[in-house]
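1. Need coordinates for the below:
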Amino acid sequence: VVSSIITFLAEAAQLGGGVIIGFAIAEAFLRAGKTFFLSLRSSSQFNSVSVESTRLRLGRWLSLALEFQLAADILKTAVAPTWDEIGQLAAIAVLRTALNFFLQREVEKSVDGRAMGNCGL
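-> Numbering: from 1, shown residues only. Here you go, the predicted structure:
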């Protein structure tokens, strides 16, 4: 029974991560399209702030989705893992954590840069 519950939770977490990625891509696509078409209509220069905002939102959503995917992997390995599965989980965890770390660092750097730009620095 416990094994079935954990397997269900793992699948739900994996599905949740996939859904978040799907919605994030859709939102980024719509926002990028809006920015693109608004820049065509106006004679002003391309709005890099809107592009950066879209990139940051997508990055945040992808970071959250990575956490869901990692949680799913941990749950899958929680039920009677073999040494092979533990090794695979370790490799996946390292890769996803590193990806999430660099993604989060990029988001924070962009947010800090925007904050400094707003302060006149």
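2. Buried residues of stretch 72-85, list them for me.
-> 72-73, 75-77 (16 or more other C-beta atoms under 10 Å). From N, CA and C alone the C-beta is placed, and that goes for glycine too.
3. any chance of those in CSV, plus secondary structure?
-> As requested, the buried residues of stretch 72-85 are exported to CSV (DSSP: H, G, I helix; E, B strand; the rest coil):
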residue, secondary structure
72, helix
73, helix
75, helix
76, helix
77, helix
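4. closest to residue 106 among these?
-> residue 73 (23.1 Å; C-beta to C-beta).
5. Does the closest one touch residue 93 like I think?
-> Yes: counting by C-beta atoms under 8 Å, residue 73 does reach residue 93; the two are 7.0 Å apart.
6. so residue 74 makes contact with residue 89?
-> Yes: Residue 74 lies in contact with residue 89 (C-beta under 8 Å); the separation is 6.9 Å.
7. now the helices: where do they sit in the chain?
-> 2-41, 48-78, 83-118 (DSSP state H).
8. out of the ones you listed, deepest packed?
-> Highest mean neighbour count among the helices of the chain (mean count of other C-beta atoms under 10 Å): helix 48-78, with a mean of 17.
9. what about the chain, any weak spots by pLDDT?
-> 43-46, 113-121 (pLDDT under 70).
10. Nearest to the spatial middle of it, which residue is it?
-> residue 62 (0.9 Å; C-alpha atoms, centre = their mean).
11. and it, what is it in contact with?
-> By C-beta atoms under 8 Å, 6 or more residues apart in numbering, the contact set of residue 62 is 21, 24, 103.
12. Could you list which residues are in contact with residue 14?
-> Residue 14 neighbours (C-beta under 8 Å, 6+ apart): 68-69, 72.
13. Distance to residue 42 added to these, as a markdown table?
-> Listed next are the contacts of residue 14 as a markdown table, based on distance: C-beta to C-beta, whole Å:
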| residue | distance to residue 42 |
| --- | --- |
| 68 | 39 |
| 69 | 39 |
| 72 | 44 |
